[in-house]
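> My questions are about this predicted structure, shown below with the sequence.
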Amino acid sequence: MTDLKQLKKAIVEGDAKQAVEVAKAALAEGAKPLDLIQNYMIPAMDEVGKLFEEEEYFVPELLLSGRAMRGAFDLIRPLLAAQGVQPTGRVVIGTIQGDLHDIGKNLVAAMLEGAGFEVYDLGADVKPEAFVDTVKTKNCDIVAMSAMLTVTMPKMKTTIEALKAAGLRDKVKVIVGGAPISQAYCDDIGADAYSDTASGAAVIARDIMVGHKVGAQFAERGEKALAGIAATAKGGK
Ligand code: B1M
């Protein structure tokens, strides 16, 4: 039986090869993808952050740990998304301009895919105009923004302003998250919802689709998708 503590250790030590090997073995033995993420991989990155704060780790170590996390996560991602449901809605997601942290954002994107959303992932360091263009061209229902740096957090507000200027603010709901973000900040910048976790963001996105007040088409599409998920679950697939 694989010792999952080795997964955490490999990420903390920035050993991508070992992280991938342990994750692969654990999945082959039937470990739950979410268990790996929530109980071993995220705590590993928390420890890396602590070591950085204590000046035991510097940027190169952060990069190596980030790469190890990514390697294991790339194995898990398809498993989270493989639920075979029809699209619940369309989401454009990205880490805001000036911010290169993409691990948390990738988790949110994977959870949204797992919840049946069509996800347009613009990556990290995303300009407000890129969010706006994607909402327009892909007819998105939700804009999801992640931020990890206090200095660049205001770009969330800039993005919301850009949506307003493009006449799109009433057509989309905006969800925000990331370590320095709070409900108070969400309210302050005029976003619609805040979540402190990736899975919470997916639940909120689902709620938005079924309870959206702006247009009936949101509720209709969301209800259909949820019915599909319920049917799939009943069939034991
Ligand atoms: Co940097 N970094 N980093 N970093 N880094 C932090 C964020 C920091 C807190 C470390 C510290 O000082 N303790 C600090 C920020 C301080 C601040 O502003 N308050 C910091 C700093 C200072 C920096 C640099 C400035 C360092 C430097 O160069 N001197 C630099 C900035 C570069 C830039 O972005 N312009 C920098 C660079 C980097 C790396 C590139 C080396 C690397 C990122 C690699 C990558 O992402 N590909 C890195 C890393 C790895 C970290 C830490 C160690 C780990 C971040 C992480 O991936 N966490 C981080 C310390 C820490 O977090 N403890 C740190 C795991 C991830 C799963 O959590 O992203 O919080 P998180 O996501 C969570 C929730 O927040 C939520 O869901 C996820 C899981 O449930 N969530 C959402 C996230 N987005 C959401 C969106 C939602 C909803 C929920 O709705 C849309």
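Thanks, I have it. Just so you know, these numbers come straight off a predicted model, no measurement behind them. Residues are numbered from 1 along each chain as shown.
> how about the helices in this protein?
Along the chain, counting by DSSP state H, helices occupy 5-12, 16-28, 33-36, 42-53, 59-81, 103-114, 128-138, 154-165, 183-189, 198-211, 216-234.
> Point out the other elements, helices or strands, that the shortest one touches.
Under the contact criterion of 3 or more CB pairs under 8 Å, 6 or more residues apart in numbering; DSSP states H and E, helix 33-36 touches helix 16-28, helix 59-81. (Glycine included, C-beta is placed from N, CA and C.)
> So which residues make contact with that helix?
The contact list for helix 33-36, computed with CB atoms under 8 Å, 6 or more residues apart in numbering, reads L4, L7, A23, A26, L27, A72, I76, L79, L80, S199.
> 6 Å - rerun?
The contact list for helix 33-36 (CB atoms under 6 Å, 6 or more residues apart in numbering) reads I76, L79, L80.
> give the contact list for A130.
Contacts of A130 by CB under 6 Å, 6+ apart are L122.
> about what we covered before: kindly report which one of the helices and strands packed on helix 33-36 carries the lowest mean pLDDT.
Of all these, mean pLDDT reaches its minimum on helix 59-81 (a mean of 85).
> How far off centre is that helix?
Distance of helix 59-81 from the chain centroid (CA atoms, centre = their mean, to the nearest Å) equals 13 Å.
> just stretch 15-32 next, same as before
21 Å.
> Go through it and list whatever outside residues touch any part of it.
If you take CB under 6 Å, 6+ apart as the criterion, stretch 15-32 is touched by T2, L4, Q6, L7, A10, I11, R67, A68, G71, A72, L75.
> now do stretch 62-74
A10, I11, G14, D15, A16, A19, V20, A23, M41, V48, I103.
> one more time with 8 Å
7, 10-20, 22-23, 36-37, 41, 44-45, 48, 52, 57, 103, 106-107, 110.
> again with stretch 147-165
Under CB under 8 Å, 6+ apart, the answer for stretch 147-165 is 95-99, 101, 104, 128-129, 131-132, 135, 143, 145, 169, 172, 174, 176-181, 185, 189-191.
> For these, which ChimeraX command selects only the ones that are buried?
Those of the contacts of stretch 147-165 that count as buried under 16 or more other CB atoms under 10 Å are selected in ChimeraX with:
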select :95,96,97,98,99,101,104,128,131,132,135,143,145,169,172,174,176,177,178,181,185,189,191
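> Take the contacts of stretch 147-165 and keep only those in strands.
Among the contacts of stretch 147-165, the residues falling in strands (DSSP state E) are T95, V143, M145, V174, V176, G177.
> For the fourth one, which non-adjacent residue is spatially closest?
When you say that, I think you mean V174. Distances taken as CB to CB, 6 or more residues apart in numbering place A191 nearest to V174, at 4.4 Å, with adjacent residues excluded.
> need the contact list for the one you found.
Counting by CB under 8 Å, 6+ apart, A191 has contacts M145, M156, I160, V174, I175, V176.
> could you measure it against the ligand, distance?
Separation of A191 from the ligand (CB to the nearest ligand atom, to the nearest Å) stands at 9 Å.
> so how far is stretch 22-33 off the chain centroid?
The answer for stretch 22-33 is 22 Å, by CA atoms, centre = their mean.
> That stretch and the ligand, are they touching?
No - judged by CB under 6 Å from any ligand atom, stretch 22-33 makes no contact with the ligand; its nearest approach is 13.9 Å.
> list the buried ones in that stretch?
Result for stretch 22-33 [16+ other CB under 10 Å]: buried residues V22, A23, A25, A26, L27, A31, P33.
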